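Colleague: Structure for this input, please:
(one chain, ligands or ions: 2)
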Amino acid sequence: MDTRIVTINPEHIDTKVIEEAGRILKRGGLVAFPTETVYGLGGDALNAESSGKIYAAKGRPSDNPLIVHISDIEQLDKLVCEIPDNAKKLMDAFWPGPMTLIFKKSGLVPDGTTGGLDTVAVRMPNHKAALELIRTSGVAIAAPSANTSGRPSPTTAAHVADDLSGKIDMIIDGSAVGIGIESTIVDVTSEIPMVLRPGYITMEMLEKVVGKVGIDKAITGPVSPDVKPKAPGMKYKHYAPKAELTMFKGELKNVVEHINNLTDKNVKSGIKTGIIACEETKDMYKAGEVLSIGSRNNEDTIAHNLYGVLRKFDDMNVDVIYGETFEDNRLGQAIMNRLLKAAGYHVEKV
Ligand code: AMP
Ligand code: MG
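Modeller: Ligands and ions are numbered 1, 2, ... in the order given. Predicted coordinates:
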């Protein structure tokens, strides 16, 4: 299949491009498009055949459900059985935006979109082109991240093309995304809302709106076979660069020294070593391929650069990667969730 890559100016969107993409979606094809979190791979959410194509293009396990994207609150009525009060409050506060809610699904949503679950994940993205595309296509758009399953999520159209060129109909290039990590997933089917995946909307932000919020145990550590994460996607190895990633925690000065020692040995034996540093430490490393992931004083920059840095190490063909760890509160919780999964939870204390 020929994949058309079309560039748009995210501020002045060419309606012809959006109309063409909308037609592709309506007739069951696949279009990758930018959102404020990461690039999504879109298909008609109510067409089981389209959802099937998404799983095939990504190589995604069929029990890992898709998030359905809407542009107007009214679309929700068709997709869900009921809208709990907590959901209304959260939608008021954070939609459009990087928060996905889990509802009991209506009979119209095919099992092929929800991985056989009787719930459905819904989000209204805060991105002009994404909203225009949903409106113009006239369909709710099922859109997981537009990467090959298991690889780091795509934050540029080039990342999407690397993974999916030849497998989908169209890629809309709307330049790099803003946030850089996926939405916060909140299950609102239980009395106390539960975070199933941390994201840009933090626990503190949610609790300000609805009071107590829980967090699914399975996302705070490695998943043993007897624990079943409520977001099925969280059980898979995810976000991973090709080279093995080890994270080091401890006092920052000691971490840098430890990574320098390991890298020094590696260099002598011809092992190409990548280092995930930050703005504050990047000049303290003496050897290796050093990439700054952002500033410890501005976690937004870390979220924004995270996946791009992991993909750059793939391009550089490094043999191993060493990484610093970051505080895991507020947005840091989502950042460390992604980094720890990318490292297969391999963390060493120094
Ligand atoms: P992605 O779109 O690639 O960011 O992945 C979607 C995430 O949403 C995966 O981790 C899924 O397991 C999760 N998800 C989608 N639908 C549901 C649902 N109905 N219940 C729980 N988690 C869901
Ligand atoms: Mg994904």
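Colleague: and Val122, what helix or strand is that in?
Modeller: Val122 is part of strand 119-123 when elements are defined by DSSP states H and E.
Colleague: List the contacts of that strand.
Modeller: Strand 119-123 has contacts (C-beta atoms under 8 Å, 6 or more residues apart in numbering) with 65-70, 76, 79-80, 95, 98-106, 109, 113-114, 183, 185, 187, 189. Any C-beta I mention is one placed from the backbone N, CA and C, and that applies to glycine too.
Colleague: How about the residues of the protein by ligand 1?
Modeller: By the rule C-beta under 6 Å from any ligand atom, the part of the chain lying against ligand 1 is 64-65, 67, 102, 114, 117, 119-121, 144-145, 182, 185, 196-197, 230-234.
Colleague: give me that answer again for 5 Å
Modeller: Pro65, Ile67, Ile102, Leu117, Thr119, Ala121, Pro144, Ser145, Glu182, Ala231, Pro232, Gly233 (C-beta under 5 Å from any ligand atom).
Colleague: which phi and psi does Asp14 have?
Modeller: Main-chain torsions, Asp14, degrees, to the nearest 10: phi -70, psi 110.
Colleague: can you check Arg197 too?
Modeller: According to degrees, to the nearest 10, Arg197 has phi -150, psi 120.
Colleague: could the residues of the chain next to ligand 1 go into CSV alongside secondary structure?
Modeller: What follows is the residues of the chain next to ligand 1, written out as CSV (DSSP: H, G, I helix; E, B strand; the rest coil):
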residue, secondary structure
Pro65, coil
Ile67, strand
Ile102, strand
Leu117, coil
Thr119, strand
Ala121, strand
Pro144, coil
Ser145, strand
Glu182, coil
Ala231, coil
Pro232, helix
Gly233, helix
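Colleague: So which of those is the closest to Ser224?
Modeller: Pro232 (15.5 Å; C-beta to C-beta).
Colleague: Quick one: residues contacting the closest one.
Modeller: Pro61, Asp63, Asn64, Pro65, Gly115, Leu117.
Colleague: Show me which of those residues are buried.
Modeller: Asn64, Pro65, Gly115, Leu117 (16 or more other C-beta atoms under 10 Å).
Colleague: Could I get the residues you listed in TSV, plus columns for distance to Lys217 and pLDDT?
Modeller: What follows is these, written out as TSV (distance: C-beta to C-beta, whole Å; pLDDT from 0 to 100):
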residue	distance to Lys217	pLDDT
Asn64	19	94
Pro65	20	97
Gly115	21	94
Leu117	19	96
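Colleague: What are the boundaries of the strands in the stretch 101-250 of the chain?
Modeller: 119-123, 141-142, 170-173, 184-187, 194-197, 214-215, 244-249 (DSSP state E, counting those that start in this stretch).
Colleague: Contacts for the fourth one, please.
Modeller: What it means is strand 184-187. Contacts for strand 184-187 (C-beta under 8 Å, 6+ apart): 90, 98-102, 119, 121, 193-202, 206, 213, 216, 230-231, 334.
Colleague: redo that, cut-off 6 Å
Modeller: Strand 184-187 has contacts (C-beta atoms under 6 Å, 6 or more residues apart in numbering) with Met99, Thr100, Leu101, Ile102, Pro193, Met194, Val195, Leu196, Arg197, Gly199, Ile201, Ala231.
Colleague: So what are the sheet partners of it and their directions?
Modeller: strand 99-104 (parallel), strand 194-197 (antiparallel) (DSSP bridges).
Colleague: Please state the offset of the longest one from the chain centre?
Modeller: Relative to the chain's own centre, strand 99-104 is displaced by 16 Å; criterion: C-alpha atoms, centre = their mean, to the nearest Å.
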